[in-house]
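S.K.: fold the following, please.
(4 chains)
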2 protein chains.
Amino acid sequence: MNIGDAARASGVSAKMIRHYERIGLIRTSSRTQAGYRQYHERDVHLLRFIRRARDLGFSLDQIGQLLSLWDDPGRASADVKRLAEAHIADLDARITALTEMRTTLTTLAQACHGDHRPDCPILQGLATPPPAS
Amino acid sequence: MNIGDAARASGVSAKMIRHYERIGLIRTSSRTQAGYRQYHERDVHLLRFIRRARDLGFSLDQIGQLLSLWDDPGRASADVKRLAEAHIADLDARITALTEMRTTLTTLAQACHGDHRPDCPILQGLATPPPAS
DNA sequence: ATAAACCCTACCACGATGGAAAGGTCAAGC
DNA sequence: GCTTGACCTTTCCATCGTGGTAGGGTTTAT
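M.R.: Numbering: from 1, shown residues only, chains lettered A, B, ... in the order given. Presented below is the predicted three-dimensional model:
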């Protein structure tokens, strides 16, 4: 299987497969005499794992750790859970930050009549110190 | 006022002030004979505006547009509101995406007993196709 | 006079991904 | 057998916002 087939089968672009190889996230594949990378079904499994972990927002570094645990039959599920919960905490922080932005901005936007006149609470809100929270 | 004072007064790092100048977000400041950038209170106002807009998650490109409107006494508040609402929609999309990740991951993590045993629904979830939603 | 604190420019780095350039390879059709 | 198109290869550059570092000049206070 060439890299394009592995890409289509896994949902990871050929570009990224090469990248993951170069940064050591996945092992170097075998090559044909012409230098084409060769992949097998198990490689596609691995790439799909990575793709799903990316879809859940794990960083490539975290995915490296997940892959180590995946490979390790003697792993403790506690280690996996710890990684996951750390990531959940990170997601929570990001959601909180974005939600706060959204709340503030929505308040400003609601106060803006949004017509042809120039006066605008949004610009005023940006130009003056936020109320002490 | 030197760049360090402007940075402290505005909450924008000196590094970023220089960067904003280079990308054309703010005008080039006057310089002393030694080449030191000189700032005034109105520059600090401007930088604070940028800082608050960044805190609300606007991109530098969007901030450029906001600054144009801020400068324009003949602006229509509708233009500002449109920018803000586009950004709110963007925030919503990101919040939704992160929340979906969080939901999926939390479900997996809850199913994981998190002890010394190796079997782990989190890894299983990453290794097998997500259930068709 | 010297030291500390400041300023300057010009680089490089992150993280994950895409794009483009410039070239080699393979398979199908003529 | 040759051409064409689809594939593969590597290498470099770009994104976005920010931080760091190196190597140098300036100002201010002791």
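
S.K.: all strands of chain A, in order?
M.R.: Here chain A has its strands, by DSSP state E, at A:30-31, A:37-38.

S.K.: the helix ranked longest in chain A close to chain B?
M.R.: Criterion DSSP state H: the longest helix present in chain A is helix A:77-111. Yes - residues of helix A:77-111 contacting chain B under Cβ under 8 Å from any Cβ of the partner chain: A:77-78, A:80-82, A:84-85, A:87-88, A:91-92, A:94-95, A:98-99, A:101-102, A:104-106, A:108-109. For the C-beta atoms, the positions are set from N, CA and C on the backbone; glycine is no exception.

S.K.: show me which of these are buried.
M.R.: Neighbour counting with 16 or more other Cβ atoms under 10 Å in any protein chain shown marks A:77, A:80-81, A:84-85, A:87-88, A:91, A:94-95, A:98, A:101-102, A:104-105, A:108-109 as buried within those.

S.K.: shaky segments in chain A?
M.R.: A:130-133 (pLDDT under 70).

S.K.: surely A:Arg54 meets A:Ile63?
M.R.: Yes - using Cβ atoms under 8 Å, A:Arg54 is in contact with A:Ile63, at 7.0 Å.

S.K.: those two: who's more crowded?
M.R.: Shown here are A:Arg54 and A:Ile63; by other Cβ atoms under 10 Å in any protein chain shown, A:Ile63 has more neighbours (23 against 16).

S.K.: show me the contacts for that one.
M.R.: A:25, A:50, A:53-54 (Cβ atoms under 8 Å, 6 or more residues apart in numbering or on different chains).

S.K.: who's in contact with the residue nearest the centre of chain A?
M.R.: Closest residue to the average C-alpha location of chain A: A:Gly57 at 3.3 Å, with Cα atoms, centre = their mean. Residues in contact with A:Gly57 (Cβ under 8 Å, 6+ apart) are A:87, A:90-91, B:98, B:101, B:105.
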